[in-house]
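**Student:** pasted the sequence and its predicted model underneath.
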Amino acid sequence: MDVPTTLNGYELIYKKPSTLTEKPFHYCPGCGHSVVHRLLMEVVEEMGIQEQTVGVAPVGCSVFAYDYMDIDMQEAAHGRATAVATGIKRILPDKFVFSYQGDGDLAAIGTAETIHAVNRGENILMIFINNAIYGMTGGQMAPTTLLNQVTSTSPYGRNKEAMGYPIKITELLAQLPGAYYVSRHAVYTVNAVRKLKKAIEKSFAYQKLNRGTCFIEVVSNCPSGWKMTPVESNKWLEANMFPQYPLGDIKIPKD
Amino acid sequence: MDVPTTLNGYELIYKKPSTLTEKPFHYCPGCGHSVVHRLLMEVVEEMGIQEQTVGVAPVGCSVFAYDYMDIDMQEAAHGRATAVATGIKRILPDKFVFSYQGDGDLAAIGTAETIHAVNRGENILMIFINNAIYGMTGGQMAPTTLLNQVTSTSPYGRNKEAMGYPIKITELLAQLPGAYYVSRHAVYTVNAVRKLKKAIEKSFAYQKLNRGTCFIEVVSNCPSGWKMTPVESNKWLEANMFPQYPLGDIKIPKD
Amino acid sequence: MEQEKTTNNEARLMKGNEALAEAAIRADIDAYFGYPITPQSEVLEYFTNEMPKRHGIVLQAESEVAAINMIYGAAGAGGRVMTSSSSPGISLMQEGISYIASAQLPCLIVNVNRGGPGLGTIQPSQGDYFQATKGGGHGDYHLIVLAPSSVQEMADFVFDAIRLAEKYRNPAMILADGALGQMMEKVVLPQEGSLPKVSKPWATVGKPASRKRNIITSLFIEPEKMEVINLGLQEKYKQIQSEVRYEEIALDDADIALVAFGLSARICQKVVDLGREKGIKVGLLRPITLYPFPKSALNKIADKVNFMLVVEMNAGQMVEDVSLAANGKCPVYFKGRMGGMIPSPEEVFAELMSIIEKQSVTQD
Amino acid sequence: MEQEKTTNNEARLMKGNEALAEAAIRADIDAYFGYPITPQSEVLEYFTNEMPKRHGIVLQAESEVAAINMIYGAAGAGGRVMTSSSSPGISLMQEGISYIASAQLPCLIVNVNRGGPGLGTIQPSQGDYFQATKGGGHGDYHLIVLAPSSVQEMADFVFDAIRLAEKYRNPAMILADGALGQMMEKVVLPQEGSLPKVSKPWATVGKPASRKRNIITSLFIEPEKMEVINLGLQEKYKQIQSEVRYEEIALDDADIALVAFGLSARICQKVVDLGREKGIKVGLLRPITLYPFPKSALNKIADKVNFMLVVEMNAGQMVEDVSLAANGKCPVYFKGRMGGMIPSPEEVFAELMSIIEKQSVTQD
Amino acid sequence: MEKAHEIIFAGFGGQGVLSMGQTISYAAMIENKEISWMPSYGPEMRGGTANCIVIVSSSRISSPIISRFDSAIVLNQPSLDKFEHEVKEGGLLIYEESTIINTPKRKDIEVIGIPANEEAQLLGKKQVANMIIVGAFLAKRPIVKIENILVALKKVLPERHHHLIPLNEEALMLGQRLIKEKVVA
Amino acid sequence: MEKAHEIIFAGFGGQGVLSMGQTISYAAMIENKEISWMPSYGPEMRGGTANCIVIVSSSRISSPIISRFDSAIVLNQPSLDKFEHEVKEGGLLIYEESTIINTPKRKDIEVIGIPANEEAQLLGKKQVANMIIVGAFLAKRPIVKIENILVALKKVLPERHHHLIPLNEEALMLGQRLIKEKVVA
Amino acid sequence: MIKGTVIIDRDICKGCELCIVACPQESLGLSKQININGYRFAELVQDNCTGCVNCAIVCPDVAITVYRQPKSALKKAV
Amino acid sequence: MIKGTVIIDRDICKGCELCIVACPQESLGLSKQININGYRFAELVQDNCTGCVNCAIVCPDVAITVYRQPKSALKKAV
Ligand SMILES: Cc1ncc(C[n+]2csc(CCOP(=O)(O)OP(=O)(O)O)c2C)c(N)n1
Ligand SMILES: Cc1ncc(C[n+]2csc(CCOP(=O)(O)OP(=O)(O)O)c2C)c(N)n1
Ligand code: SF4
Ligand code: SF4
Ligand code: SF4
Ligand code: SF4
């Protein structure tokens, strides 16, 4: 969509990045997925690396990420985005490769692929959207679901005896020597969005230098799965998710 | 095999535990696997829990563990021993359940099952034999293979750029709240063997109290895979494995 | 819809997935292990809602690979257990299924088939017929495969599948499709407690002094032994042939036989009606067990009819088994829709008419 | 044995697994991803030895599941790539294979078949025929399947398989067995560089301004679209039929046709000799491509012979395809060994004789 | 009634289209009819439209997924655009008037617009708009008895909403009346 | 020679049974014969016995895995116990004498014991016992030429062991002599 | 204060209200109408937009385009 | 010092020598003979075993059974 660069003498100062396609997002109202999509594409646009970037979409709500990002992309099997990204990166070592995954994808079915890609220090950016739930399939418990959180498969709340604990996969991954930059973010405020964008920029810069795996967790919402309005969901996020998943850098380069 | 209880007036003070079968071990000379088998069975004998114990053998050199341990056992698919053990324990919550796995099994193909079993705090004992190599299939690189170590699939030494780092899975697992007792051992000396036996005893005691997952790593040798004599392999173990995998408790109960 | 608490014989309106899950609880399963996937997540959800109030264990596994191996462990420990998934998830279970078949562990696996290959679509399909009946995993093994065609059968076949699985120490599969899982129909549920537990002396429950240890394994490193295991399996599969089940509709005087299972069979029933209205003598054979396959029944029908038309929601899979059964005695045609599409009675009927025309042309 | 450095046409003595790997390097593969498993670990080992000295990438994956998905990524990125495994590992790849087939990515998958089901044995088997040819994964798809029967063919078929895979944008499989992988025979390796790279305009290599973005996916959530994808696949499979390959031995005047692939076919060749020595007119058809299957060749032979005897190292799998091809025109018998056992020429011959006897009795 | 009646209910998620279908299905079950209720499912539901197909029949029902309907009940524009063309000749199309800008064009079917949203607002509860439509529909096609709809409502509504049953009853009756008035008018 | 010759080589891992077979296979290849060499494989090799089956033929070879042999060459007791019974009538059985306690019983085959270990010790290198046996075997069954064995050795031995080729040659010749002496004796 | 304005694509907006919360000026509100997808969409309810871009930054659906008085204009105004 | 002795199952022993290294008395050594599996096996080479059980504790193949002079005997001896 072409937008006019001036309007009644006013100058255009924000528009949709050209690296996003025309297609409107299919995400639920207020869902964080699309904010992260946009930021990725803003960075790709600003760094001028559209030609050099290949992305990997997961199975999860963001399965159609390739419908929105105007770059070459692959859609991976559930949990295997980092294996797919590894395949791509090994063939195209000079390209920028990122994977994009939800918590079910990355931290449940894909746990082995996640850990070993980071352990190999694959030179890729992994984006991890942690919304503490399986969005796509209708709100089931995720490995990151909080204790006592109600989901469609923990209808009486997640109970640690039978279902285990919310997993802090990001902290685990940060321990692996292959992890170069590990950081946890959110998109619930303007400031948070800005910080996340910086983190993405850094990650691509590190990737260019072949420094190893960059891993960004985005603690996000799922208004539909949580059965809240978007505004409520962001409040719940602050009150409940951040204590378990505190924002900030978890591992930063020593050099 | 019945052994006489006295010999020329001398008293019998050590014999094979009755909980091991007659079958001689198929392991290579000097291999640590069978020591651990024996210790497990000594503990089972001494605690009198042969009737209440169900073990799970992996795919790896110890795939035939059930030929030696005189208890009910299941042989799991490669990497899935803890999933199998979970299935057993959930059906038989009052029985003692242990899984027994090599490094390829537990820390490569089985990474997801390992992490999630511990994360659920499954009330089982996991025995992890880390010999830094795939023994059964002929000495290929394992996730725990040391940097620069030569194996049949790292013939020029493990190189971190292409193959990643030796993974300290035990340290990772210890971070999970479901892990109750995590300890690293070896069987290269009399003392080490004695300590390991204590750790196994403790683990079964904790299991009785439903405390969560007990995890024991045994840093072991693979004379065949390492292409050394057993005596050399134990020296190499001390010199090379322990710096990367230091012995000792990693997580002990707070109470 | 609010959960009804009736456990009696009253008719209820239920989704296929829910009817299946409720039937499993009534069939006294000890444990369900599964992982969400459309169009069958309601099965897991139903269990997580009900099990805590009733009896038995439910565990959401970290993946389908984990789930099927939990089934292995739990079935080996003597539990009456089940899992369910849909096509991609069932593919991930293939190694585990082969192990379970080899170790001869009774259990129930439900595949609510969606359109493939790949991630495909979530709409109903019968594209996993080969995988279910020929063994998608490695080696020579068979599942007992039941194909429901109504919500009522989604419930009933749980009992049948478990009964057969335990009788033969063999994994059984219910192969349904997304529509059967999602749709609501009237269903009268089987009685709770009407499926008695059987003794499992081979299970690993802890070895008392009184018996030798029990071992659950599928490893027989010497090929001579592994062949003996295989011969045993083949012998069992021969016995299982006696459990074949199928439904015949209007076949007595039929010149034409439709062959279809599951949802396709419902569509074909309408085709039979359409045909009969027009004076065409068409009947329907509906295999209820896909394995064992009603081979000899079809072989007999092949003697009597001018041709068979196999209708499937795939590119032509069961049609091979039908052809094998007919063994050249009559032509076997195929009509299929793929990737989540369902053929309409009208298009099947049109296909039927065009074959009749072609045939009469050839006969002239 | 010390690695030989000759890259010319000299005959060499090599293990099947090594010949296959060396051929792949000469076929200019860009990357190999795999995981050790007997009896094919030598493939990975050969690559880890050679790749650093030659060209291309080798990566030991954390599992077969990871390996096949790395293949997906790498093939999608335009690489000429392969993986190899043996039965249980191939079962784990079924989801990934279905994805690759659906996304239409060319690649080579090697299954050095061992005895199943389950962990089974590591000895040679043909028990994965169904899995390879009917699709062990979900949905309607086919691999192109080549079955070597010598170390020479282990090498040659790498070239053929890659050529076909790239021509049709379809995964190809080499289905060998443990014996072919482990044995040494004389082999003349194909020339390095004799398989030119093809252009892959659909690959995801970074989107230049000059074209629309490339997407590798197997998801088409609307069934109407997914059906179109499926129709496209089916159309392709039809075209692939033209690539059928088989070997005919002494069939011209044969009264009896043996049908066997891979190692079994070698054994049957001996049976042909044994038969001919005794004046029995027996011939052999060896399918080289298992998919596409030489259906019409077999159909023609069925017109001429008294019966067919299918010999496999399994419980009877290809025999179904042979029966479908014969379509009732002649009886089709089966002789198989299972779980890692190999039939001897003598026992096959004995089976043949007993069928002849039975037949002549029936004819009386 | 005919041997089978095939209906599509379609609208935005949240407008209660699935429960409209369930209510009628339940009532039909009480009347010992064969029924099948088939929802659209999967991610396309998300934020977008939802629909369900209900088939009520006196004999065994073949496919639960069909593409031509005896009646279509649509609560929003996208659904109208999609399903208007899939009503069988001579069939019935009922739509919620206030959300529709481009009204139906077909002449070979009976088309009825109901201002259900407004009427529901007047009744004091937006959520009962769907029951007004059900009432209207059943006035045109009495495939089940109204009293059985009331029984069905008890099954379909979660316990915590049972206090709304009288309101729903009112809505149903209002729907019936609206049709009768239209017919008279 | 016959059309095909089928041999099993068996002993403990480390006695060089696999390379005995490989050497003969290589030599046969040089002579443009068809050959197949099939090792036992898998974990049962571990610490236990190893064996390989070699088939040398003038025409295409069918199964590489067979269970009856023209010749068996066994280097330890378990292998003798196992394979004595699998030599075809009229076939040849050669065994290493010093490791065998229970000597072969069969009368319908030719049985030859060779004190290869002792002789190798005398040559100064235990490892060449296997080549003494190969020499002896070829003296009885000249299925390939000795000079081609020497060529083959270069291929089979890793480069770092090439200095041992003269010693292996000596061992081969010794083996041949041992047979001739036996025959004379 | 710099003046700005936003253009909100009413058919793309899903009425999540995140921009409304993010706007420091309380310039935005939900319309009474629904759009083609059934959502009430966001719209300017006050003429006090400063073009701070906050709304656009948090808008998940990139429905908002932001314009601002040029700096030069500002200077003139001041 | 207490006296002890060991019985080593020569057919089960694989000659790994771990017992030899573990024995504080240097009582053990490898035989010159090989057993049925081709291994040289461990045997007592000195008569100074104290029955400390060290060898048995490290023996991977549980080939060693250990006997010891009874405490009573010791007392008498001292
Ligand atoms: C093998 C397999 N198992 C299960 C599914 C079903 N499935 C699709 S998405 C998903 C989970 C999505 O959750 P998450 O990864 O947290 O992403 P979100 O949707 O929340 O963004 C599941 C289980 C599948 N497609 N494939
Ligand atoms: C699915 C599958 N993949 C691969 C194998 C082959 N395999 C058998 S054991 C093994 C690894 C053994 O290594 P480890 O777990 O470290 O145990 P060890 O043998 O060293 O005790 C592998 C890869 C298999 N049996 N199944
Ligand atoms: S279901 Fe949740 S994660 Fe998925 S699009 Fe909706 S809000 Fe986002
Ligand atoms: S290969 Fe290694 S791990 Fe396996 S039995 Fe031998 S020494 Fe032990
Ligand atoms: S640009 Fe800033 S002031 Fe203007 S509407 Fe958006 S948030 Fe409010
Ligand atoms: S430790 Fe055991 S196996 Fe090893 S040499 Fe001593 S007795 Fe033999």
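**Tutor:** Sure, I can see it. Ligands and ions are numbered 1, 2, ... in the order given.

**Student:** A:Glu46: neighbour count?
**Tutor:** Using other C-beta atoms under 10 Å in any protein chain shown, the number of residues around A:Glu46 comes to 12. The C-beta positions use only the backbone N, C-alpha and C, and glycine is treated the same way.

**Student:** spit out the contact partners of it.
**Tutor:** A:Glu201 (C-beta atoms under 8 Å, 6 or more residues apart in numbering or on different chains).

**Student:** wait, is it part of a helix?
**Tutor:** Yes - counting by DSSP: H, G, I helix; E, B strand; the rest coil, A:Glu46 is located in a helix.

**Student:** looking at the chain, which helix is longest?
**Tutor:** Reading this off chain A. helix A:190-208 (DSSP state H).

**Student:** you looked at the wrong chain, it should be chain E
**Tutor:** If you go by DSSP H, chain E has its longest helix at helix E:165-184.

**Student:** quick one: the longest helix of chain A near chain G?
**Tutor:** Yes - using C-beta under 8 Å from any C-beta of the partner chain, helix A:190-208 comes into contact with chain G via A:190, A:193-194.

**Student:** out of the residues you listed, who's the most crowded?
**Tutor:** Most neighbours among the residues of helix A:190-208 next to chain G, by other C-beta under 10 Å: A:Val193, with 21 neighbours.

**Student:** end to end, how far does stretch A:166-178 reach?
**Tutor:** Taking C-alpha to C-alpha, to the nearest Å as the measure, stretch A:166-178 stretches 24 Å from start to finish.

**Student:** need the helices for chain G, in chain order.
**Tutor:** Secondary structure of chain G (DSSP H): helices at G:18-22, G:54-58, G:71-77.

**Student:** most tightly surrounded among those helices?
**Tutor:** helix G:54-58 (a mean of 25; mean count of other C-beta atoms under 10 Å in any protein chain shown).

**Student:** put the alpha carbons of that one into PDB.
**Tutor:** What follows is helix G:54-58, C-alpha atoms only, in PDB (Å, rounded to 0.1, in the frame of the first residue of the first chain):
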ATOM      1  CA  ASN G  54       3.700   5.600  20.300                       C
ATOM      2  CA  CYS G  55       0.400   4.300  18.900                       C
ATOM      3  CA  ALA G  56       2.000   3.000  15.800                       C
ATOM      4  CA  ILE G  57       4.800   1.400  17.700                       C
ATOM      5  CA  VAL G  58       2.500  -0.800  19.800                       C
END
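
**Student:** tell me which strands and helices it is in contact with?
**Tutor:** Secondary-structure packing of helix G:54-58 (3 or more C-beta pairs under 8 Å, 6 or more residues apart in numbering or on different chains; DSSP states H and E): helix A:190-208, helix G:18-22, strand G:64-68.

**Student:** whichever strand or helix holds C:Asn113 vs chain A: in contact?
**Tutor:** Secondary structure assigned from DSSP states H and E places C:Asn113 in strand C:107-113. No - Strand C:107-113 stays out of contact with chain A when judged by C-beta under 8 Å from any C-beta, the minimum separation being 12.8 Å.

**Student:** about what we covered before: right, and the helices of chain G - which one's nearest A:Thr213?
**Tutor:** helix G:54-58 (27.6 Å; C-beta to C-beta).

**Student:** check whether the closest one contacts ligand 5.
**Tutor:** Yes - judged by C-beta under 6 Å from any ligand atom, helix G:54-58 comes into contact with ligand 5 at G:54-55.

**Student:** what about that helix, average pLDDT?
**Tutor:** Helix G:54-58 shows a mean pLDDT of 98.

**Student:** I'd like the residues of helix A:190-208 next to chain G laid out as CSV, including pLDDT and distance to D:Asn9.
**Tutor:** Below are these laid out as CSV (pLDDT from 0 to 100; distance: C-beta to C-beta, whole Å):
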residue, pLDDT, distance to D:Asn9
A:Val190, 98, 69
A:Val193, 98, 63
A:Arg194, 98, 64
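
**Student:** now do the contacts for C:Gly336.
**Tutor:** Residues counted as contacts of C:Gly336 (C-beta under 8 Å, 6+ apart) are C:311-316, C:343.

**Student:** one more time with 7 Å, if that's ok
**Tutor:** Going by C-beta atoms under 7 Å, 6 or more residues apart in numbering or on different chains, C:Gly336 touches C:312-316.

**Student:** please apply the same query to C:Ala103.
**Tutor:** C:76, C:216-218, D:118.

**Student:** now do it against chain G, distance only.
**Tutor:** Distance of C:Ala103 to chain G, given as C-beta to the nearest C-beta, to the nearest Å: 50 Å.

**Student:** how about E:Glu159?
**Tutor:** From E:Glu159 over to chain G the distance is 28 Å, taken as C-beta to the nearest C-beta.

**Student:** what about that residue, how many neighbours?
**Tutor:** Using other C-beta under 10 Å, E:Glu159 has 9 other residues around it.

**Student:** now do the one 5 residues further on
**Tutor:** For E:Leu164, the number of neighbouring residues by other C-beta under 10 Å comes to 16.

**Student:** for it, which non-adjacent residue is spatially closest?
**Tutor:** E:Leu157 (6.8 Å; C-beta to C-beta, 6 or more residues apart in numbering or on different chains).

**Student:** now flag whichever of the residues of helix A:190-208 next to chain G is closest to ligand 1.
**Tutor:** A:Val193 (18.2 Å; C-beta to the nearest ligand atom).

**Student:** hmm, that closest one is touching G:Ala56, no?
**Tutor:** No - here A:Val193 lies out of contact with G:Ala56, judged by C-beta atoms under 7 Å, at a distance of 10.0 Å.

**Student:** to ligand 3, which of the helices of chain G lies closest?
**Tutor:** helix G:18-22 (12.2 Å).

**Student:** briefly note if the closest one comes near chain E.
**Tutor:** No - residues of helix G:18-22 are not located near chain E by C-beta under 7 Å from any C-beta of the partner chain, the shortest gap being 14.6 Å.

**Student:** so what touches that helix?
**Tutor:** Contacts for helix G:18-22 (C-beta under 7 Å, 6+ apart): A:30, A:190, A:230-231, G:28-29, G:42, G:54-55, G:58-60, G:64.

**Student:** could the residues you listed go into JSON lines alongside distance to B:Met73?
**Tutor:** As requested, these are exported to JSON lines (distance: C-beta to C-beta, whole Å):
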{"residue": "A:Gly30", "distance to B:Met73": "52"}
{"residue": "A:Val190", "distance to B:Met73": "59"}
{"residue": "A:Pro230", "distance to B:Met73": "53"}
{"residue": "A:Val231", "distance to B:Met73": "55"}
{"residue": "G:Leu28", "distance to B:Met73": "66"}
{"residue": "G:Gly29", "distance to B:Met73": "68"}
{"residue": "G:Ala42", "distance to B:Met73": "64"}
{"residue": "G:Asn54", "distance to B:Met73": "63"}
{"residue": "G:Cys55", "distance to B:Met73": "63"}
{"residue": "G:Val58", "distance to B:Met73": "57"}
{"residue": "G:Cys59", "distance to B:Met73": "59"}
{"residue": "G:Pro60", "distance to B:Met73": "53"}
{"residue": "G:Ile64", "distance to B:Met73": "63"}
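
**Student:** that's all I had, so thanks and see you.
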